[in-house]
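Asks: okay, here's the prediction I keep looking at, along with the sequence it came from:
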Amino acid sequence: MSQLTTIKAVEHLTHDVLHIVLEKPEGLTYIPGQAVDISLNKPGWSEKKNCFTFTSLPEDDQIEFTIKTYPERKGVTNELLSSKPGDEVLIYKPFGDIYYKGPGIFIAGGAGVTPFIAILKNLEKQNKIDGNKLLFANKAKADIILEERFASMLGKNFINILSDENLEGYEHGYISAEFIKKYAEENLKYYYLCGPPPMMTAVESHLKTLGISEEFIVKEGF
């Protein structure tokens, strides 16, 4: 079953990331970190579902998504580039295994940061964000989603690593076991992971090397 809603606003956050605000369907509930399938209510698109993570909080009076676009794929994200207020969207039932279990280190690659946006916003609202860290991997500074927002939320606990640029104030390279160990702390038991599949595989391997138990790794189940 789906619910019909409409787009309220669309803006660019980076060169390839959109922030989309929609009317909140009646009775919709979700946990920060969860996602939902959506489709566009127009000919040829209503059956094409794409999964996006809520970046708004459940109590907000609207719903928001932060979406990386892939024009070359000619799919839903490409269609969203030309969307405008008033366009109709179909929303399905929220789902997902990523939610806050306790203080930890959030490890994200690119658009994989989206589940953590709502979680961290929620922790900030509850004054429980202190100590949590975000390790954010991107190719270049221009790719960093919500850099200023994360910096204001987390301060020194927001650590960026760039693979294609070597800039002052940013780590350079890829997330490694050594990199994770550098920022690990005994009281930060949980490791929250989200990113492209190759990165996820690598990071899980690094955590295993570091002796992190499966019960302390929070990721989407497949």
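Replies: All right, it came through fine.

Asks: what pairs with the longest strand anywhere in the chain, parallel or antiparallel?
Replies: What stands out as the longest strand in the chain, according to DSSP state E, is strand 3-14. Sheet partners assigned to strand 3-14 using DSSP bridges are listed as strand 17-23 (antiparallel), strand 88-91 (antiparallel).

Asks: mind listing the strands in this structure by residue range?
Replies: 3-14, 17-23, 35-40, 50-53, 62-68, 88-91, 104-109, 133-138, 158-162, 171-172, 190-194, 217-218.

Asks: would you mark the buried spots in the first one?
Replies: The reference is to strand 3-14. Buried residues in strand 3-14, counted by 16 or more other C-beta atoms under 10 Å: Thr5, Ile7, Val10, Leu13, Thr14. Every residue, glycine included, has its C-beta placed from N, CA and C.

Asks: how close does the second one get to Tyr192?
Replies: According to C-beta to C-beta, to the nearest Å, Ile7 stands 29 Å off from Tyr192.

Asks: what's the spacing between the residue of the chain most remote from its centre and Glu88?
Replies: Within the chain, Pro43 marks the point farthest from the mean C-alpha position, 29.1 Å out by C-alpha atoms, centre = their mean. As judged by C-beta to C-beta, Pro43 and Glu88 stand 12 Å apart.

Asks: got JSON lines for the strands paired with strand 3-14, with mean pLDDT, distance to Asn78 and mean neighbour count too?
Replies: Output for these, formatted as JSON lines (pLDDT from 0 to 100; distance: least, C-beta to C-beta, whole Å; neighbours: other C-beta atoms under 10 Å):
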{"stretch": "strand 17-23", "mean pLDDT": "97", "distance to Asn78": "11", "mean neighbour count": "19"}
{"stretch": "strand 88-91", "mean pLDDT": "97", "distance to Asn78": "15", "mean neighbour count": "20"}
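
Asks: for the spatially most central residue of the chain, which non-adjacent residue is spatially closest?
Replies: Most central residue of the chain, judged by C-alpha distance to the mean C-alpha position with C-alpha atoms, centre = their mean, is Thr114 at 1.1 Å. Once flanking residues are discounted, Thr114 sits nearest to Thr53: 4.0 Å by C-beta to C-beta, 6 or more residues apart in numbering.

Asks: before we move on, back to that, export the strands paired with strand 3-14 to CSV and tack on distance to Met199?
Replies: Shown next, in CSV, are the strands paired with strand 3-14 (distance: least, C-beta to C-beta, whole Å):
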stretch, distance to Met199
strand 17-23, 18
strand 88-91, 28
